[in-house]
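Asks: Show me the folded form of this:
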Amino acid sequence: MAKVAIVTGASRGIGRATALLAAKRGWDVCINYASAEDSALALVSEIEALGRRALPVRADMGREDDIRRMFAAVDDAFGAPDAVICNAGITGRAGRIETLEADMLRRVVDINLIGVMLTAREAVLRMSTKRGGRGGSIVMLSSVAATIGGAGEWLHYAATKGAINTFTVGLAREVAAEGIRVNAVSPGIIDTEIHAAAGAGDRVARLVPTLPMPRAGTAEEVAEAILFFMGQEAAYSIGAILPVSGGR
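Replies: Predicted coordinates for the structure are as follows:
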């Protein structure tokens with residue numbers, strides 16, 4: 001039987017690349033998206049053309065009810081997942097701390113941290129051998145911003161990713177004996193639309209000259225790291241945070 005992956009925030013960028021690469025390597029995939037239905041359905045068609053199954057689920061990863069509903073849909077269509085990729089995230093508006101409003105900050109925390117914790121909770125409930133599951137892999141999306149701080153642009157985003165690093169290590173140790181491997185991938189400057197969404201459309205061009213490897217990374221390169229943690233090649237890896245950053 002094909003293995004089943006849930007990829008949150010899969011309609012674009014790193015999530016899309018991960019879902020497509022997983023399908024190419026024999027996985028059936030739940031395509032989670034928040035609003036970009038056309039993009040999600042186009043991805044479903046691409047995956048089905050590869051001979052794999054794809055389930056599109058519209059769900060807000062900042063809402064507990066939506067997260068529960070997504071997992072229930074996967075239960076009904078595919079059964080328990082073998083891998084859950086916690087990719088969905090937002091930067092919020094770029095700016096210094098004194099310019100940031102509370103509602104925006106709460107939304108960033110709800111999606112990037114609380115939503116990831118709830119997604120992991122639902123994954124553990126289904127994967128844990130202690131609860132009758134068959135084990136699996138949970139892969140978090142961190143960011144190099146967690147270690148350099150995001151000063152002047154998105155300190156708030158960086159703070160949530162720092163918390164994801166801590167959560168990755170702690171959860172990995174909590175569930176390792178139950179057949180669940182938890183790891184994280186930490187991208188640097190990746191050429192996706194996330195920068196423009198934050199109001200910093202020039203960010204990639206501006207920062208590339210400062211990188212030891214003077215180019216932006218691609219979503220496909222990050223997806224390769226994620227697939228590594230999903231597979232048996234990483235069978236003895238837990239709590240790892242792998243930079244995909246060109247040395248940033």
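Asks: drop to CA atoms for contacts and neighbour counts, all remaining ones
Replies: Will do.
Asks: which stretches of this structure form strands?
Replies: Assigned by DSSP state E, the chain shows strands spanning 4-7, 28-33, 54-58, 83-86, 136-141, 180-187, 241-244.
Asks: Quick check: residue 17 vs residue 174, distance?
Replies: 29 Å (C-alpha to C-alpha, to the nearest Å).
Asks: Which one of the two is surrounded by more residues?
Replies: Neighbour count, other C-alpha atoms under 10 Å: between residue 17 and residue 174, residue 17 has more, with 20 against 13.
Asks: can you list contacts of stretch 104-117?
Replies: For stretch 104-117, contacts defined as C-alpha atoms under 8 Å, 6 or more residues apart in numbering pick out 61-64, 67, 86, 88-93, 156-157, 160-161, 163-164.
Asks: Mind listing what's buried along that stretch?
Replies: For stretch 104-117, a neighbour-count test (16 or more other C-alpha atoms under 10 Å) marks 107-117 as buried.
Asks: ditto for stretch 24-41
Replies: Buried-residue list, stretch 24-41, by 16+ other C-alpha under 10 Å: 26-34, 40-41.
Asks: measure it end to end?
Replies: End-to-end distance for stretch 24-41: 17 Å, by C-alpha to C-alpha.
Asks: how far does that stretch sit from the chain's center?
Replies: Taking C-alpha atoms, centre = their mean, to the nearest Å, one finds stretch 24-41 lying 13 Å from the centre of the chain it belongs to.
Asks: got a list of contacts for it?
Replies: Contact partners of stretch 24-41, identified using C-alpha under 8 Å, 6+ apart, comprise 2-12, 19, 22-23, 44, 47, 50, 52-61, 70, 74.
Asks: Sort out which of those are buried, if you could.
Replies: By neighbour count, with 16+ other C-alpha under 10 Å, those hold 3-12, 19, 22-23, 44, 47, 52-61, 70, 74 as buried.
Asks: Mind putting the strands of the chain into TSV with mean pLDDT?
Replies: As requested, those are exported to TSV (pLDDT from 0 to 100):
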stretch	mean pLDDT
strand 4-7	98
strand 28-33	98
strand 54-58	98
strand 83-86	98
strand 136-141	98
strand 180-187	98
strand 241-244	97
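Asks: lowest average confidence, helix or strand, in the chain?
Replies: helix 194-197 (a mean of 56; mean pLDDT, DSSP states H and E).
Asks: Setting aside sequence neighbours, what's the nearest residue to residue 188?
Replies: Take residue 188 and drop its neighbours on the chain: the residue closest to it by C-alpha to C-alpha, 6 or more residues apart in numbering is residue 245, 4.0 Å away.
Asks: so what's the nearest residue to residue 88 once chain neighbours are set aside up against?
Replies: Once flanking residues are discounted, residue 88 sits nearest to residue 9: 4.1 Å by C-alpha to C-alpha, 6+ apart. Residues near residue 9 by C-alpha under 8 Å, 6+ apart: 15-16, 31-34, 87-89.
Asks: and what of residue 124?
Replies: Residue 124 is in contact with 175, 180, counting by C-alpha under 8 Å, 6+ apart.
Asks: That one and residue 239: what is the separation?
Replies: Per C-alpha to C-alpha, residue 124 is found 15 Å from residue 239.
Asks: Next: residue 87.
Replies: Residue 87 is 17 Å from residue 239, by C-alpha to C-alpha.
Asks: Also compute the angle for whichever helix in the chain runs longest relative to strand 136-141, please.
Replies: Using DSSP state H, we find that the single longest helix of the chain is helix 155-175. Per axes from the mean of the first three to the mean of the last three C-alpha atoms, to 10 degrees, the angle that helix 155-175 makes with strand 136-141 is 160 degrees.
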